[in-house]
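>>> Sequence first, then the predicted structure, then my questions.
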Amino acid sequence: MAEAITSSRKLISRSGLLSRRLSSAGSKLVATEFVRRLATTIALGLLLFSLTLLFDWLAELSVTNRQILLTAISAVAGGHLIWTLASLLTQQRSQEQLALMVEQDHPDFDSRLISAVQFAAGKAAVPANAPASMVKAMVAETEREARRFQFGNIVDRRKMARAILLLIGVTVLAATGALMIGKENLDILLARAFGATTAIPHETRITQFPEDMQVGIGDTIELKFIAESIAGDAGLPDEGKLSVTYQNGRKETLILPRNKTNPGNYTLAQDKTNKKIVPVLIPGNAMADIYTVTIADIQESFRFQATINDAQTGKIKVTALERPRVESIKGTQTYPAFTGLPPTSHAPGDFVLFPGGELALEIKSTKALSRGTLQLIDNDNTIPVEIDNTDPKISTVRIPIPPENLSGFTVSLTDTEQMQSRDDVVYRVSLLADRAPEIRITYPRRAEELVTRKARFLIHYEATDRFGIASVNLRYRRGSAEPGTLAMSIPQNTPKSVNEAFEWDLNKLQPGLTEGDEVEYWLEATDQNAASANTGNSEHLLIRVVTPEEKRADLLGRASDALGNVGEATADQERLNNDLETIIRRNIPRKPLPREKD
C-alpha cells in the first residue's frame, strides 16, 4: 500500500527571519539595477547633448540639423528611460530564486535554505509518518546559519559603480567645456539647441544689455550695450545693428553707434613709427566699448535684438503701457474749531487754505492704483494715500495745514501694473494770514502821565479780532528790566470785540515805586488760533512817578489849560456870530423909500 503524503505547510510555518532577509536582498537587487540603468541613461543623454553643442560651436549647424539631433537625442533618452523604469518590474525575484542565489554564493547552506523555503511554501511533500521535528530542526539550523551571512552580498554592485563613474566623468567633461566657452556662449548654445537663431560669437561678446522692461506710452528710452572683443587684437566695429519688431508687425532696423571706449582698459604709448602717441590696450584687459541708441516717443510695445559684429543678443521685450495720471482732484477744508466756520470745497487753482485746519483730498486716477504718495513742496514730507477698496481708481489723503511753509503739493501714483506717474502736476496752495487782534488804549490818551506812588491808574481799551479774543494782558517795563505781565479779565465767551477798563494798583508793584521812576506800559491781545497764536500790541505809553504836590500842580495846570481853551472857544464863537451877521446884512436887498405926495 502506498504511503500517505502530507503537505509540508501543515507541518511548519514560514520562517519570518528567512523571509525578511530574502525580501531585503531582493529589494537591494532591484534598487542596484535601477540606479545602474538611471546613471547610464543620464550619462548617455548628457554626452549626446554635449556633443551636439560642441558640433554646433564648431560648425554652426542649421536649425534643421539641430532639430534632427535634438529629436534623436530625445528618442534615445526616452528609450533608455523606459528601459530604466522597466527594471522595477523585470528585476523582481521570487523567494525560491533568491534562496538559490544565496546558496550559490554561500555553499555552507547545503540546500537547506531552498528546502526551508519550499517546505514553508508547501511545495515539498513528506510522508505522513515522517516526524515533523526533523523538518523543524532543519529550518532552525538554517536560521542559525542565516544569521552569520549577509544576504545582500548576492547583489553585484560593480556594474552600478561603473555606471556612476561614467556619469561623473561625462559631467566633468561637460562642465569643463562649459567653463572653457564661457557662460554667455553657453547660454547662446543652449538657446540655439532649442531653436533660437542667435549667431555664435567667435570674435565679439556682448557682456551687458537691457532686460525686458515696461515703459510709459510717450516715454523716451536709451538702450545701452557693452561689447568686448574675444579674438585677440581684433577691434570692435564702429556701429552695430538693432532690429526692432513692433506689436503691429512693423519692423525697422536702427543703427547702434559706438558711443565711447572704456578708458580704464587703455594706456598711452608710441606707435610702431615712434612718432605718435596712441591709446594701447592694457595687456590682460579685454577691448570693451559701449554702444547706445535712443528710441523716442514710444507708442506701442516692441521687441528688439542687437547685433554687434558676430555677437547677438536674444529678443528683448519692451512693453508700452499708459502711465496713471490724476483725472480729477477735489478737496474739502475743515477749519479750526475756534473759527466756527463750516467746511468749504476747493478745486485746483482755488486751494486758498486757513492755517490750523485740515484739507481732505479725493483723487481720481485714470487707472486702478496699488499705491500713491502726496509730496509737499516746501518741506519734502510725503504722505501715503489710501486706496478705496471698492474702486481702486479713487484714493484719499488728509493734509494738516501748517501756519507757513506750504506753497503746493504733487501727487505720485503707481498702478496695479507697477507703472508710475511722471511729470506730476504741482498744485499751488495759498495760505490765508490770520491777522493779529487789534487793540488800542482809549484812556489815557497822553503819551506821558504823572502818577503818585500809591495811585490806582485807570486804563480804558478796545480790542477786536475776527474769530475772538482769548486773552488780554497788561505789559510794563521799569527801566531796563525785563517786562512784567498782568492778566486782565475779559468775558468768558471769547468775544470778537472787547471794550473794558482796568484799574492798575501801582502800590502793589514790587519793588515799590519811588519819585522819579518811569514805567513804560502797553496792552497785548491774543487770539484763539491754537496752531499759531497771534498777538496784537497797543501803542507804548509812559507813566512817571511824582510827588503829590507835583501831581496837584499838574492837575491845576491841566484845569487852567481847559478853562483857557473854553475862553478861547467863547471868543471865537462871538467872532463867528459877528461875521455871520455882517454877511447876512450884505446879502439882504434894501427896499426903496416911498415918495411923499405933493
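Structure received. Numbers count the residues shown, from 1 in each chain.

>>> can you tell me how far residue 76 sits from residue 451?
Using CB to CB, to the nearest Å, one obtains 121 Å as the distance from residue 76 to residue 451. The way it works is simple: take the backbone N, C-alpha and C, and place the C-beta from them, glycine included.

>>> Pick out whichever of those two has more residues nearby.
With neighbours defined as other CB atoms under 10 Å, residue 76 and residue 451 compare such that residue 451 has more, 19 against 14.

>>> quick one: pLDDT of the more buried one?
For residue 451, the pLDDT comes out at 87.

>>> Report the contact partners of it.
457, 506, 543-546, 551 (CB atoms under 8 Å, 6 or more residues apart in numbering).

>>> On the strand side of things, show who it bridges to.
According to DSSP bridges, the residues that bridge with residue 451 are residue 545.

>>> Likewise for residue 394?
Beta bridges link residue 394 to residue 364, judged by DSSP bridges.

>>> Just the pLDDT for it.
pLDDT for residue 394: 94.

>>> and residue 417, what does it touch?
When the contact criterion is CB under 8 Å, 6+ apart, the partners of residue 417 are 214, 321, 367.

>>> Over to residue 476?
Counting by CB under 8 Å, 6+ apart, residue 476 touches 483-484, 486, 519-522.

>>> pLDDT weak spots in this protein?
Within the chain, the stretches with pLDDT under 70 are 1-19, 21-22, 94-155, 231-234, 260-287, 531, 560-572, 574, 577-581, 585-598.

>>> if I look at the spatially most central residue of the chain, how far off is residue 386?
Nearest to the geometric centre of the chain sits residue 371, at 9.5 Å (CA atoms, centre = their mean). According to CB to CB, residue 371 stands 10 Å off from residue 386.

>>> follow-up on the earlier one: can I have the buried ones of the contacts of residue 417 as a ChimeraX selection?
Those of the contacts of residue 417 that count as buried under 16 or more other CB atoms under 10 Å are selected in ChimeraX with:
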select :321,367
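
>>> buried subset of the contacts of residue 451?
Using 16+ other CB under 10 Å, the buried ones in these are 457, 506, 543, 545-546, 551.

>>> What is the neighbour count of the residue lying closest to residue 190 once chain neighbours are set aside?
Of all residues not flanking residue 190 in the chain, residue 53 sits nearest, at 7.5 Å (CB to CB, 6 or more residues apart in numbering). Per other CB under 10 Å, the neighbour tally for residue 53 reads 22.

>>> Which segments of this structure make up each domain?
Listed domain ranges for the chain are 5-176, 202-321, 326-431, 438-546 (source: automatic domain parsing).

>>> Look up how far residue 498 lies from residue 490.
With CB to CB as the criterion, residue 490 and residue 498 are 5 Å apart.

>>> which neighbours do these two share?
469, 472.

>>> Comparing those two, which residue is more hemmed in?
Neighbour totals were compared for residue 490 and residue 498, and residue 498 leads with 20 against 16 (other CB under 10 Å).

>>> residues contacting that one?
461-464, 469, 472, 490-491, 525.

>>> which is the next helix or strand following the helix or strand hosting it?
In this assignment (DSSP states H and E), residue 498 forms part of strand 497-505. Next along the chain after strand 497-505, taking DSSP H and E as the criterion, comes strand 518-527.

>>> Can I get the buried part of the contacts of residue 476 as one PyMOL selection?
One line in PyMOL is enough to select the buried ones among the contacts of residue 476; burial here means 16+ other CB under 10 Å:
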select buried, resi 519+521+522
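
>>> From the contacts of residue 476, pick the one nearest residue 71.
Residue 71 has its nearest neighbour among the contacts of residue 476 in residue 483, at 100.7 Å by CB to CB.

>>> Pretty sure the residue nearest to the centre of the chain sits against residue 392.
No - Residue 371 is beyond contact range of residue 392, at 10.4 Å (criterion: CB atoms under 8 Å).
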